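> sequence first, then the predicted structure, then my questions.
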Amino acid sequence: MARVAVVSGGSRGIGAAVSTALKAAGYSVAATYAGNDAAATKFKAETGIPVYKWDVSNYKQCAEGLKQVEADLGPVDILVNNAGITRDSAFHKMTPEQWFEVINTNLNSLFNMTRPVIEGMRERGFGRIVNISSINGQKGQFGQTNYSAAKAGDLGFTKALAQESAGKGVTVNAICPGYIGTEMVKAVPKEVLEKSILPQIPVRRLGEPEEIARCVLFLVSDDAGFITGSTLSANGGQYMA
Ligand code: CAA
């Protein structure tokens, strides 16, 4: 039986590349998405990967959605917590909504998505959890107090849960992508991207979503069983943690 993998935010951007790579490697994949029905429908038609719509910032929706995935595909062996949003603003102009939306979607989602599947992974003695954090959780980023705080929180979550899960065959790791050529990065003002961000990247280009997907593929493999609680940076040399 193919292992079952759930990728949150799995129909667009980095998540779509991860879902596609996992399917190509023989996993049975479910991709979740929050709101973009058109993109999800297109993704499903193109890849044959089933899509599930729920809000990762809502615990009840996650618990019910994951139950449905398990009824359809079988117990979840692999969870890729990838869904994320930005609400960039200088902190002195940031609204409570911009703060809480990002914390709820990028940090509280790790509780909401992982809690419903962790007991099953422990009982079965196997699990792989990969949290997509960010370079900006490692170094902080002007205009992203909310996002940097959430992504740094994802790293703390990863290290604590890795310790709790190691004895049960469940590994928990984080990947910190740098600036990847997705819609999220393309939404950064052009001038900021060209003048302030790109010159900081020693390999002199944005990353490709597939470059992050390959990191995920490795971390979820049997070969990576000795790696847990780690942070894998894939940022073109922009920040060496
Ligand atoms: N470093 C230092 N100073 C900066 C700066 C920076 N990165 N960006 C702006 N400033 C300065 C400006 O020069 C300006 O200074 P003066 O008042 O002296 O002229 C001042 O801050 C205000 O600048 P703006 O008028 O541009 O401020 P704003 O409030 O309109 O916008 C911003 C600020 C929202 C932060 C905007 O610059 C922005 O969107 N920056 C991009 C942030 C970013 O990198 N986001 C990453 C998104 S991708 C992602 O998150 C994926 C991932 O994981 C990597």
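It's in.
> need the next SSE after the longest strand seen in the chain, C-terminal direction.
Assignment by DSSP state E gives strand 170-177 as the longest strand of the chain. Once strand 170-177 ends, the next helix or strand along the chain (criterion: DSSP states H and E) is helix 183-186.
> does anything pack onto the next helix-or-strand element following that following helix? Which helices or strands?
Following helix 183-186 in sequence order, the next helix or strand is helix 190-192 (DSSP H and E). When contacts are defined as 3 or more CB pairs under 8 Å, 6 or more residues apart in numbering; DSSP states H and E, helix 190-192 packs onto no helix or strand at all. Using the backbone N, CA and C atoms, a C-beta is placed for each residue, glycine as well.
> what is the mean pLDDT for the following helix or strand past helix 190-192?
Beyond helix 190-192 on the C-terminal side, the first helix or strand identified by DSSP H and E is helix 209-220. Mean pLDDT, helix 209-220: 98.
> what angle do helix 209-220 and strand 170-177 make?
160 degrees (axes from the mean of the first three to the mean of the last three CA atoms, to 10 degrees).
> does the ligand sit close to whatever helix or strand comes next after helix 209-220?
Moving toward the C-terminus from helix 209-220, the next helix or strand (DSSP H and E) is strand 231-234. No. Strand 231-234 does not reach the ligand (CB under 6 Å from any ligand atom); its nearest approach is 10.9 Å.
> of all residues in this protein, which one is nearest the centre?
residue 82 (1.6 Å; CA atoms, centre = their mean).
> quick check: which helices or strands does the longest strand of the chain pack against?
Strand 170-177 sits against helix 109-124, strand 127-132, helix 135-139, helix 145-165, helix 209-220, strand 231-234, with contacts defined as 3+ CB pairs under 8 Å, 6+ apart.
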